[in-house]
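Peer 1: build the 3D model from these lines:
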Amino acid sequence: MRYALFYSILIFSCMTNPNKNTDIPSVNSNAEKSDESRIMLYSFSEEGKGKWRVQDDVVMGGRSDSHLKMTEDNHAHFSGQVSLDNNGGFCSIHQTTEKSPYKVEAKCVAFILLIKGDGKEYNFRVRTPNGRHAYAFTFPTQNKRDKKGFPTTGQSENFINFIKNELQPFIDKNYKTNSTKTLIGQSLGGLLATEILFNSPELFNNYVIVSPSLWWDDDSLLKAEPVSYQSEKSIYIAVGKEGKVMERAAKNLYEKLNILKKENTNLYYDFLERLDHGDTLHLAVYNAFEKIFRVNEK
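Peer 2: Have a look, this model is predicted:
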């Protein structure tokens with residue numbers, strides 16, 4: 001599988017409330033002065049490749065190969081070929097910043113990347129100093145292992161308020177929308193989608209929950225009582241061949257919601273046994289849209 005991705009300018013920035021002062025200096029020398037709501041962390045066009053380098057899978061999924069180079073018009077160009085042998089394979093670029101990490105304030109709510117894509121799906125990951133990927137929104141946990149592995153998580157309440165009070169009004173104001181709102185979440189995103197369904201169900205009409213990480217905080221969300229709602233809902237849950245913990249949690253979520261299901265709720269469940277945690281999302285979302293938005297032919 002070949003791919004090509006142009007980074008015309010890569011901005012790792014945090015988007016904050018524009019009413020707050022966010023002109024915060026970064027401890028990294030790459031940082032630049034912010035405008036009212038953004039902090040520039042890195043620009044390929046102005047700083048070149050710097051310490052960015054490729055990292056490819058050459059073991060589990062065969063031999064993948066990628067390249068990162070600067071174009072004549074001063075853009076970063078990431079391209080190569082991914083081997084999908086043995087259900088694996090990846091290509092990536094990353095920057096090591098252990099000695100001079102970026103400083104991201106707690107009030108920041110999002111990273112923005114300005115890129116020219118190629119129609120394929122890419123992951124963006126941020127690591128904390130202990131080396132674990134931790135750009136995720138979850139509710140606070142009492143599990144010591146969760147706290148150690150994900151020390152910066154636990155801000156889901158703030159993120160949900162951001163969706164309700166800032167994001168949804170902004171979209172409705174600036175784009176042509178209707179009253180139907182759909183939320184898709186996978187893995188820790190599936191945990192967040194479940195939390196919103198349980199605690200703020202009226203935020204969305206449709207919920208697509210794929211491979212939810214409901215093991216978080218010792219399955220506490222599965223033990224919670226969902227808030228009642230009056231509007232119509234469509235809820236789709238899916239999981240792949242992902243091990244006993246993930247499969248059990250997804251099935252338990254479906255069974256819990258099925259017991260509580262009202263007449264105004266459509267509930268669906270798929271076990272995609274030929275897929276795993278890395279590729280369940282794509283087929284699951286397709287299946288969900290087919291079920292939720294099916295048009296009955298006369």
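
Peer 1: how many neighbours does the closest residue to residue 94 other than its chain neighbours have?
Peer 2: Of all residues not flanking residue 94 in the chain, residue 55 sits nearest, at 5.6 Å (Cβ to Cβ, 6 or more residues apart in numbering). Any C-beta I mention is one placed from the backbone N, CA and C, and that applies to glycine too. The local packing of residue 55 (other Cβ atoms under 10 Å) involves 12 other residues.

Peer 1: contacts only, for residue 55.
Peer 2: Listed by Cβ atoms under 8 Å, 6 or more residues apart in numbering, the contact set of residue 55 reads 91-94.

Peer 1: nearest to residue 155, of those?
Peer 2: residue 94 (24.0 Å; Cβ to Cβ).

Peer 1: helix or strand: which one has the closest one?
Peer 2: For residue 94, the enclosing helix or strand under DSSP states H and E is strand 91-95.

Peer 1: partner strands of that strand and their direction?
Peer 2: strand 52-56 (antiparallel) (DSSP bridges).

Peer 1: what's downstream of the strand it pairs with, the next helix or strand?
Peer 2: strand 65-70.

Peer 1: so which bits of that next one are buried?
Peer 2: By neighbour count with 16 or more other Cβ atoms under 10 Å, strand 65-70 contains the buried residues 66, 68.

Peer 1: need the three-state assignment for the most centrally placed residue in the chain.
Peer 2: In the chain, the centroid-proximal residue (Cα atoms, centre = their mean) is residue 189; its distance is 5.7 Å. Counting by DSSP: H, G, I helix; E, B strand; the rest coil, the backbone at residue 189 sits in helix.

Peer 1: distance of it from residue 78?
Peer 2: 24 Å (Cβ to Cβ, to the nearest Å).

Peer 1: what about residue 202, neighbour count?
Peer 2: 13.

Peer 1: is it true that it touches residue 233?
Peer 2: No: using Cβ atoms under 8 Å, residue 202 is not in contact with residue 233, being 9.4 Å away.

Peer 1: can you pull out the helices in the stretch 1-150 of the chain?
Peer 2: For the stretch 1-150 of the chain, the helices defined by DSSP state H, counting those that start in this stretch occupy 44-47, 144-149.

Peer 1: any idea which helix or strand carries the nearest residue to residue 219 once chain neighbours are set aside?
Peer 2: Once flanking residues are discounted, residue 219 sits nearest to residue 249: 6.8 Å by Cβ to Cβ, 6+ apart. Residue 249 is part of helix 244-260, with elements assigned from DSSP H and E.

Peer 1: and that helix, what does it pack against?
Peer 2: helix 216-223, strand 233-240, strand 265-272 (3 or more Cβ pairs under 8 Å, 6 or more residues apart in numbering; DSSP states H and E).

Peer 1: contacts for the last one, please.
Peer 2: Okay, so that is strand 265-272. 232-241, 247, 250-251, 254, 257-258, 261, 280, 283-284, 287-288, 291-292.
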